[in-house]
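In: Below are the sequence and a predicted model; questions follow.
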Amino acid sequence: EGTTPYSPDDRAASLSVYGQTKREGEVAVRELLPETGVVIRTAWLYSEDGSNFVKTMLRLMRERDEISVVGDQTGTPTWATSLAEAIWKLASLDGAAGIFHWTDGGQATWHQFAQAIQEEALALGILDKGIPIHPITTDDYPTPARRPRYSVLDCSKTHELLGYEPTNWRDNLHQMLEGMTS
């Protein structure tokens, strides 16, 4: 229900079984390894491999004449490579323990993310033509699991600890798609 970025110290209030089981895993890590355990929360993860939003959008943009994408949920698209680099740096620090957040910089709705995917893919020659992308509401796209309308994570604790700010999600999206062309 929040409207500002969530801190690692905020009380968790999971909306679904998926969220509840993630929280139970966090609690287990903190109980088993109270002095050394590390939990890293992330969001809207994508990569060149596997199934994810970017690859789904590219497929739909090739197959359809138009698509509709939820425009009232806001989060931060995060490239798996960016997360891996942050995990590696965090793991190399002595004494890092607790709950940390890591996402790429900035924020977007799913609709804005889809628009950016199309714009970048057209510029890189991954897509041959653009199609209309219509924003719809969460209510127009019902799913079994409830999703938060705002799921941006406050990563400032992690930025301070690692000594650097993340790259904006749009720049990382471009870099990932560029890698798909080579």
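Out: On my side now, so go ahead. Numbers count the residues shown, from 1 in each chain.
In: Can you check which helix is longest in the protein?
Out: Of all the segments of type helix in the chain, defined by DSSP state H, the longest one is helix 17-32.
In: Show me what counts as buried in it.
Out: Residues of helix 17-32 classed as buried: 19, 26, 29 (neighbour count, 16 or more other CB atoms under 10 Å). Placement of C-beta: from N, CA and C, glycine included.
In: What is it packed up against?
Out: strand 38-41, strand 98-101 (3 or more CB pairs under 8 Å, 6 or more residues apart in numbering; DSSP states H and E).
In: quick one: contacts of the helix or strand hosting R59?
Out: Using DSSP states H and E, R59 sits in helix 53-63. In this structure, residues lying in contact with helix 53-63 by CB atoms under 8 Å, 6 or more residues apart in numbering are 44, 46-47, 67, 69, 77, 110, 113-114, 117-118, 121, 126-127, 130-131, 173, 176-177.
In: could you give me the average pLDDT of the very next helix or strand once past that helix?
Out: Following the chain from helix 53-63 toward its C-terminal end, the next helix or strand by DSSP H and E is strand 67-70. For strand 67-70, mean pLDDT is 97.
In: same deal with stretch 14-30?
Out: Here the average pLDDT along stretch 14-30 is 87.
In: these two touch, right, F100 and T158?
Out: Yes: applying CB atoms under 8 Å, one finds F100 in contact with T158, separated by 4.5 Å.
In: Could you name every residue contacting both of these two?
Out: 40, 90.
In: Could you check how far the residue nearest the centre of the chain is from K22?
Out: Residue closest to the average C-alpha location in the chain (CA atoms, centre = their mean): W44, at 2.2 Å. To K22, W44 is 14 Å away according to CB to CB, to the nearest Å.
In: Please apply the same query to K89.
Out: With CB to CB as the criterion, K89 and K22 are 23 Å apart.
In: do T4 as well
Out: 21 Å.
In: just L127 next, same as before
Out: As for L127, its distance to K22 is 34 Å (criterion: CB to CB).
In: where exactly do the helices run in the protein?
Out: Assigned helices in the chain, in chain order: 17-32, 53-63, 80-91, 110-123, 156-162, 169-180 (criterion: DSSP H).
In: mean pLDDT for those: which is lowest?
Out: helix 17-32 (a mean of 90).
In: rewinding a little: could you tell me which of the contacts of helix 53-63 count as buried?
Out: The buried subset of the contacts of helix 53-63 - by 16+ other CB under 10 Å - is 44, 46-47, 67, 69, 77, 110, 113-114, 117-118, 121, 126-127, 173, 176-177.
In: quick one on the thing from earlier: so which of the helices and strands packed on helix 17-32 has the densest surroundings on average?
Out: strand 98-101 (a mean of 20; mean count of other CB atoms under 10 Å).
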